[in-house]
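[1] Next one to model:
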Amino acid sequence: MHEVHSSAPCPELRTYVRAFAQRKLERGSLEVVQPLPACLEQTLSFEFGDHPIVEFGDGSRLQTYHIAVVGPSAYRPLNVRLRGGLESFAIFFQPLAFWQLFRVSIRELANRHYDCCDVVGAEIQELNNKMADTGSFSKRVEMVEKYLLRKASGSLQNTPIMKAALHMFECKGIARISDIANQASLSLRQFERRFTSEIGIGPKLFARVARFQMVLDAKVRCRTTSWLTLAHEFGYHDQMHMIRDFHGLSGFSPSSLLERLGDNRPPALAACQEDER
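    Predicted structure coming up:
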């Protein structure tokens, strides 16, 4: 049996966290293979059972860390293989929030993943040990929120470039890059250079990924909405433009990605887009 729970954070953490999620596959369950498309959230995942296996496009394989931090990413051909006996808890952070809470450069996280103990220290292991003592999703959420609220009390302020990135995310990637550069009193070239230096990916790609994942979440939230309607709602020139973006950022057409996605965009994560409107 494949069991999934997800929830939104408490109001005090919504500046930093988009959603919490937990997945569990009972031993003897069939393996599940899911693609990992481009995304902008940083995620912090805890493994309490068998670890997922990440399979790269070149055929190499990697077992995930016991506690892993995964940065925002452009698309790379890879899948995650979930086996029976797996139990994972994940925190989906708002773009840039990991830097605000843990003082870890977003540029260093982009397109990478790390053992979280190496990044934030032994305190994360202490949280993991407490969470391991219960299988309750709601109790784990309670523990994580208590931990993150302490971090939020000393959070860093975003730089002007980071504020611009968040504005692009809130605009679902539809805002013109040149207009945002003008608002920052920078030339387009200066803005692109500084954005890439701080965020780790360029502003055009950041905007593309923002729009792509917003469309995908909107479809997950309401599967009866047509792809054509979503293409118009999210400012694509036409449906073919959206299809090309999906291929470029996930390796699949919209419908094929939705079929294979599984729980990689859990219900609370998809639903939080509606709450942020």
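
[2] And Glu192, how close does it get to Asp179?
    Applying C-beta to C-beta, to the nearest Å, the value for Glu192 to Asp179 is 14 Å. In this view, the C-beta of every residue, glycine as well, is placed from N, C-alpha and C.

[3] ok, these two, which is more surrounded?
    Between Glu192 and Asp179, counted using other C-beta atoms under 10 Å, the more crowded position is Glu192 (16 against 9).

[4] Let me see the contact set for Val4.
    Counting by C-beta atoms under 8 Å, 6 or more residues apart in numbering, Val4 touches 21-24, 263, 266-267.

[5] Same question for Gln157.
    Contacts here follow C-beta under 8 Å, 6+ apart; on that basis Gln157 touches Gln100.

[6] where does the residue most central in space within the chain land on pLDDT?
    What sits nearest the mean C-alpha location of the chain, by C-alpha atoms, centre = their mean, is Glu41, with 2.8 Å. Glu41 carries a pLDDT value of 92.

[7] Who is the closest residue in space to it that isn't next to it in sequence paired with across the strands?
    Excluding the flanking residues, the one nearest Glu41 by C-beta to C-beta, 6 or more residues apart in numbering is Phe92, at 4.7 Å. With DSSP bridges applied, the residues forming beta bridges to Phe92 are Ala19, Thr43.

[8] Could you pull out the buried residues of stretch 193-203?
    Under the neighbour-count criterion of 16 or more other C-beta atoms under 10 Å, stretch 193-203 has 194-196, 198-203 buried.

[9] got the CA positions of it in PDB?
    Presented in PDB, the C-alpha positions along stretch 193-203 are these (Å, rounded to 0.1, in the frame of the first residue of the first chain):
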ATOM      1  CA  ARG A 193      24.400  38.600 -13.900                       C
ATOM      2  CA  ARG A 194      23.500  39.400 -10.300                       C
ATOM      3  CA  PHE A 195      20.500  37.100 -10.300                       C
ATOM      4  CA  THR A 196      22.500  34.200 -11.500                       C
ATOM      5  CA  SER A 197      25.200  34.900  -9.000                       C
ATOM      6  CA  GLU A 198      22.800  34.900  -6.000                       C
ATOM      7  CA  ILE A 199      20.100  32.400  -7.100                       C
ATOM      8  CA  GLY A 200      22.200  29.900  -9.000                       C
ATOM      9  CA  ILE A 201      20.100  29.900 -12.200                       C
ATOM     10  CA  GLY A 202      19.300  32.800 -14.600                       C
ATOM     11  CA  PRO A 203      16.100  34.800 -14.300                       C
END
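
[10] Can you tell me what sits against that stretch?
    Against stretch 193-203 from outside (C-beta under 8 Å, 6+ apart): 71-72, 74, 96, 106-111, 159, 161-162, 164-165, 168, 177, 180, 186, 191-192, 206, 209.

[11] again with stretch 109-125
    Counting by C-beta under 8 Å, 6+ apart, stretch 109-125 makes contact with 42, 44, 64-74, 76, 98, 102, 104, 199-201, all of which sit outside it.

[12] again, only using 6 Å
    By C-beta atoms under 6 Å, 6 or more residues apart in numbering, the residues outside stretch 109-125 that reach it are 42, 65, 67-73, 102, 104, 200-201.
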